[in-house]
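1. Build me a model from this:
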Amino acid sequence: MDVNFTKNEDHNKLQLAALKKRLAQVHLGGGKGRIEKQHAQGKLTARERIEYLLDDGKDRIEVGALVGDGMYEEHGGCPSGGVVVKIGYVSGKQCVVVANDATVKAGAWFPITAKKNLRAQEIAIENKLPIIYLVDSAGVYLPLQDQIFPDKEHFGRIFRNNAIMSSMGITQISAVMGSCVAGGAYLPIMSDEALIVDKTGSIFLAGSYLVKAAIGENIDNETLGGATTHCEISGVTDYKAKDDQEALDTIKNIMGKIGEFDKAGYNRIKAQKPKENPDDIYGILPSSRTDQYDMLEIINRLVDSSDFEQYKEGYGQTILTGYARIDGWAVGIVANQRKVVKTTKLAVGNHAVGGEMQFGGVIYSDSADKATRFIANCNQKKIPLVFLQDVTGFMVGSKSEHGGIIKDGAKMVNAVSNSVVPKFTIIIGNSYGAGNYAMCGKAYDPRLIVAWPSAELAVMSGNSAAKVLLQIEKASLKKKGEVITEKKEKELFDTIKRRYDDQISPYYAAARLWTDAIIDPLETRKWISMGIEAANHAPIEKDFNMGILQV
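-> Next comes the predicted model:
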């Protein structure tokens, strides 16, 4: 066995073990004590509710498990943003499930909670997927109300989306399984059908304490807004369940009767496993983000039968483009090639052209041109796009500038922006600067975007950024008359780099929902397959058009 392969394998498996350990902690929500308290109330936890609801033995993926990681520490933390979001199957129908985690601040909404809920709704809207809400929330977390209440992407947008989805014919089902207070009370009632669990579920705009303070009325919460009140007096809810299980069984019955959906018609045949061993990915992917490797070796372990039909194989070689299948689905792959390549040298008249070295992970003019054309082709053929990112950015320098790198890069960004087929982004390694944009970063509306534990997201690498920031810091200190010794300079550099490295971590990105998840590389096929299946619910409604920047 190759020494480097073994070294890489050890490094990547350690990273994966660290991810699993972190996820295990996140899955405890507010902790074992609060889970036991919820059980004592006769309630399942958010994760137990979803597990009971989803079909046994069917795939599921979790969006935003690491949201809130390391954030709001001064408020006691907010694991998973206080809400669990999964895409799975209920009675055979693919759907999005959103469940408030009442073990985290009684399910209160932090700013990141709203962002995560909006992401769940965005997935449902883009893919026209049914969405199920399992509501158990104390409402807005008041100490941070100024960061969640009034803006366009804040709490109120949730209810606006409820209305938009209703007009689009997207099924929305809500089960009130705990508190449902104030503005949050609108969510279940703006759904198509609403259930409530007797004795534990309640809905009201103001609880009994606030009612007493506001109008002097003495009333208990159950009489004010419990299951009997809303099922037999107000008519606000449609079904009353005796416990969590009965409510979830009712949702299963409703979902089982939903009719077929119009399909986008993406091509799928019987799935084949890769011929090359996917486990080899751990050994191929280098432990250092600056080392070279052949991205083609990664692709061959992700695609069906390890069959990748390259488009313009000998041109623009720092980007690989081509057709393949993933779990039977036809896909177009755009991937950064991470090894140094050499262009072909040709004699033209008395001049020699080509034969230059090109750095791996860098986008050159020819690579951008090739990717633009390939993206256009996939849009014309109605083939979903998969972007495999390991990019340091676009090539710089006078030769590139004179050759029109900005123009070619703009064309690629334009093609990605205007693409009408569904896009899926996997951040394998580096994701720096404009390379993140051109390779379909979060700002370019991938249907799903995930990172491997080896990913880094930033304007530039830690070393480069630290050197720039060090120069700024040194200039500032010199103005103050301070002497910068070699030792002092090293200390400054290490401090700056440590701080910057924390920010380029995939966990930092996942906590803020810049990515939907950090995943085991071996789960990549499942994420892409389920993503395309979801996208197949939403037929394409407009033509691909790049505007004035034609290919």
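2. three-state assignment of K273?
-> The local conformation at K273, judged by DSSP: H, G, I helix; E, B strand; the rest coil, is coil.
3. contacting residues for it?
-> Residues in contact with K273 (Cβ atoms under 8 Å, 6 or more residues apart in numbering) are D304, S305. C-beta coordinates here come from the backbone N, C-alpha and C atoms, glycine included.
4. What separation is there between it and E260?
-> Applying Cβ to Cβ, to the nearest Å, the value for K273 to E260 is 29 Å.
5. Same check on D56?
-> 23 Å.
6. show me where the stretch 451-551 of the chain has helices.
-> Using DSSP state H, counting those that start in this stretch, the helices of the stretch 451-551 of the chain run over 462-479, 486-504, 506-511, 524-535.
7. could you dump the ones you listed to a markdown table with distance to P453?
-> Listed next are the helices of the stretch 451-551 of the chain as a markdown table, based on distance: least, Cβ to Cβ, whole Å:
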| stretch | distance to P453 |
| --- | --- |
| helix 462-479 | 16 |
| helix 486-504 | 13 |
| helix 506-511 | 6 |
| helix 524-535 | 12 |
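8. Can I get these in CSV including mean neighbour count and mean pLDDT?
-> Output for the helices of the stretch 451-551 of the chain, formatted as CSV (neighbours: other Cβ atoms under 10 Å; pLDDT from 0 to 100):
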stretch, mean neighbour count, mean pLDDT
helix 462-479, 14, 77
helix 486-504, 14, 81
helix 506-511, 22, 96
helix 524-535, 22, 98
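9. Which among the ones you listed is found nearest to G393?
-> helix 462-479 (10.0 Å; Cβ to Cβ).
10. What's the end-to-end length of stretch 481-491?
-> One end of stretch 481-491 to the other measures 18 Å (Cα to Cα, to the nearest Å).
11. ugh, wrong one, stretch 228-239
-> OK, stretch 228-239 end separation, Cα to Cα: 10 Å.
12. Which positions within that stretch qualify as buried?
-> Under the neighbour-count criterion of 16 or more other Cβ atoms under 10 Å, stretch 228-239 has T229, H230, C231, V236, T237, D238, Y239 buried.
13. do stretch 245-260 as well
-> For stretch 245-260, burial by neighbour count (16+ other Cβ under 10 Å) applies to A247, L248, T250, I251, I254, M255.
14. among those, which are in helices?
-> Mapping those onto helices (DSSP state H) picks out A247, L248, T250, I251, I254, M255.
15. can you pull the contacts of Y52?
-> Applying Cβ under 8 Å, 6+ apart, the residues contacting Y52 are L44, D244, Q245, L248.
16. and with 6 Å instead?
-> Y52 makes contact with L248 under the criterion Cβ atoms under 6 Å, 6 or more residues apart in numbering.
17. got a pLDDT number for F424?
-> We have a pLDDT of 98 for F424.
18. Between helix 486-504 and the one helix or strand it maps to, find me the angle.
-> Taking DSSP states H and E as the definition, F424 sits inside strand 423-432. If you take axes from the mean of the first three to the mean of the last three Cα atoms, to 10 degrees, strand 423-432 sits at 180 degrees to helix 486-504.
19. How far off centre is strand 423-432?
-> Distance of strand 423-432 from its chain centroid, counting by Cα atoms, centre = their mean, to the nearest Å, is 11 Å.
20. immediately after that strand, which helix or strand?
-> Using DSSP H and E, the helix or strand that directly follows strand 423-432 along the chain is helix 433-438.
21. other SSEs contacting that following helix?
-> The contact analysis (3 or more Cβ pairs under 6 Å, 6 or more residues apart in numbering; DSSP states H and E) places helix 433-438 against strand 393-394, helix 405-418.
22. Show me what the last one is in contact with.
-> Yep, that's helix 405-418 we're talking about. Here helix 405-418 makes contact (Cβ under 6 Å, 6+ apart) with 365, 368-369, 371-372, 375, 394, 437-438, 440, 444, 546, 549.
23. Can you say which of those residues are buried?
-> With burial judged by 16+ other Cβ under 10 Å, the buried subset of the contacts of helix 405-418 is S365, A368, D369, A371, T372, I375, F394, Y437, A438, C440, Y444, M546.
24. Which ones among these lie within strands?
-> If you go by DSSP state E, these have F394 in strands.
25. What ranges does the stretch 151-300 of the chain have for its helices?
-> Listed in chain order, the helices of the stretch 151-300 of the chain (DSSP H, counting those that start in this stretch) span 156-168, 186-189, 208-215, 221-225, 227-228, 244-255, 281-284, 295-299.
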